[in-house]
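>>> Requesting a structural model of the entry that follows:
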Amino acid sequence: MNTPEAPRPAPEASSRPARPKGEPRFPDGPKADPAGSHFERRIRSFQPRRSRVTAGQADALQRLWPKWGLDIDGHAVLDLAELFGNDNPVVLEIGFGMGEATAQMAAADPATNVLAVDVHTPGQGNLLNLADHKGLSNVRVGNGDAIILLREMLAPDSLSGLRVYFPDPWPKKRHHKRRLIQPEFLTLAASRLRPGGIVHCATDWEPYAEQMLEVLTAHPDFENTRPDGGFAPRPGFRPLTRFEGQGLDKGHVVNDLIFRRVQHEDRRPTDA
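I've put the predicted structure just below:
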């Protein structure tokens, strides 16, 4: 004889009130599409990712975004000294993941300001949380398209460095046009880097590393810091990330590229 199944208890109601349709997820946090339709739609080098935001990340976004966050809307050129509250050199980091390496480098070099840009909301919240817990006043978190930031919101020669660590390799041949490190991007980046500014890239995708080396070597505004013209060993200031460690465990080869923005003779100011 079968025993009747006991009725299942009704699911508990969520303690978090439902968000009305159209209301922003974080009213005081990053906007979903800060630049909107103000700029032409182009081939994007990034793919927005949707994943769960933890309570700590959500709290950091609500609490710290008005203080340390920046929506990339393309409307005005930034005053970086005003943004950071000092005249220290500024490094732009494009794509910081969850922000652990960014926070570690910022803590190790407090005299350098870091403008870290990504479109991944959990990562933005995590980096803000790390900066808060570590007392880092030299980190600002940008939300949106780094191309719009470079083209519309940064003045010429305003950056001392550019970091692009483990960008999306877009491995399929038909997607190679989406890779960030292309001649056009380097020309734009060079216009915002001061002479002597450093471009530092790293990838665990060997075909992309070869392409990076090729386009950087061919670009007239950059020179390889390696005398042999090849890849650089991982410098001590770039932390070994969890993602990188997993790749190394799988046999991936990680390549660093460190190039310097050169000053052309015809651009040097004449002596008084």
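
>>> so residue 71 makes contact with residue 144?
Yes - the criterion here is CB atoms under 8 Å, and residue 71 meets it with residue 144 at 6.2 Å. C-beta coordinates here come from the backbone N, C-alpha and C atoms, glycine included.

>>> Looking at the two, which has the bigger crowd around it?
residue 144 (22 against 17; other CB atoms under 10 Å).

>>> Please list all residues in contact with the more buried one.
Listed by CB atoms under 8 Å, 6 or more residues apart in numbering, the contact set of residue 144 reads 33, 34, 35, 71, 72, 73, 117, 119.

>>> And it, how close does it get to residue 197?
22 Å (CB to CB, to the nearest Å).

>>> Same check on residue 126?
In terms of CB to CB, residue 126 sits 28 Å off from residue 197.

>>> secondary structure class for residue 136?
coil (DSSP: H, G, I helix; E, B strand; the rest coil).

>>> ok so, going back, got any residues that touch both of residue 71 and residue 144?
residue 34.

>>> where do the helices sit along the stretch 101-250 of the chain?
Remark: helices assigned in the stretch 101-250 of the chain by DSSP state H, counting those that start in this stretch are 121-134, 146-148, 183-192, 206-218, 242-249.

>>> Beyond the last one, next helix or strand please.
Proceeding C-terminally, helix 242-249 gives way to strand 255-261 as the next helix or strand, assigned by DSSP states H and E.

>>> Let's see that following strand as PDB, backbone CA atoms only.
The C-alpha trace of strand 255-261 is given here as PDB (Å, rounded to 0.1, in the frame of the first residue of the first chain):
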ATOM      1  CA  ASN A 255      53.400  35.500 -22.800                       C
ATOM      2  CA  ASP A 256      54.000  39.100 -21.600                       C
ATOM      3  CA  LEU A 257      54.700  42.000 -24.000                       C
ATOM      4  CA  ILE A 258      56.100  45.300 -22.800                       C
ATOM      5  CA  PHE A 259      56.400  48.100 -25.300                       C
ATOM      6  CA  ARG A 260      57.300  51.800 -24.900                       C
ATOM      7  CA  ARG A 261      55.700  54.700 -26.600                       C
END
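
>>> What helices and strands are in contact with that strand?
strand 193-203, helix 206-218, strand 222-224 (3 or more CB pairs under 8 Å, 6 or more residues apart in numbering; DSSP states H and E).

>>> One more pass at 10 Å, please.
When contacts are defined as 3 or more CB pairs under 10 Å, 6 or more residues apart in numbering; DSSP states H and E, strand 255-261 packs onto strand 159-165, helix 183-192, strand 193-203, helix 206-218, strand 222-224.

>>> Strand partners (parallel or antiparallel) of the third one?
Paired neighbours of strand 193-203 in the sheet (DSSP bridges): strand 159-165 (parallel), strand 255-261 (antiparallel).

>>> Of these, give the one that comes closest to residue 95.
strand 159-165 (6.6 Å; CB to CB).

>>> Let me know the average pLDDT across that closest one.
Mean pLDDT, taken over the full extent of strand 159-165, equals 98.

>>> if I pick the nearest residue to residue 259 once chain neighbours are set aside, what's in contact with it?
Take residue 259 and drop its neighbours on the chain: the residue closest to it by CB to CB, 6 or more residues apart in numbering is residue 222, 4.3 Å away. By CB atoms under 10 Å, 6 or more residues apart in numbering, the contact set of residue 222 is 186, 189-190, 193, 197-199, 215-216, 257, 259-262.

>>> mind redoing it with 8 Å?
With CB under 8 Å, 6+ apart, residue 222 has these contacts: 186, 190, 199, 216, 259, 260, 261, 262.

>>> Hmm, the second one is touching residue 261, no?
Okay, so that is residue 190. Yes - assessed by CB under 8 Å, residue 190 is found in contact with residue 261 at 5.7 Å.

>>> what do those two both touch?
What both residue 190 and residue 261 touch, as defined by CB under 8 Å, 6+ apart, is the set 221, 222.
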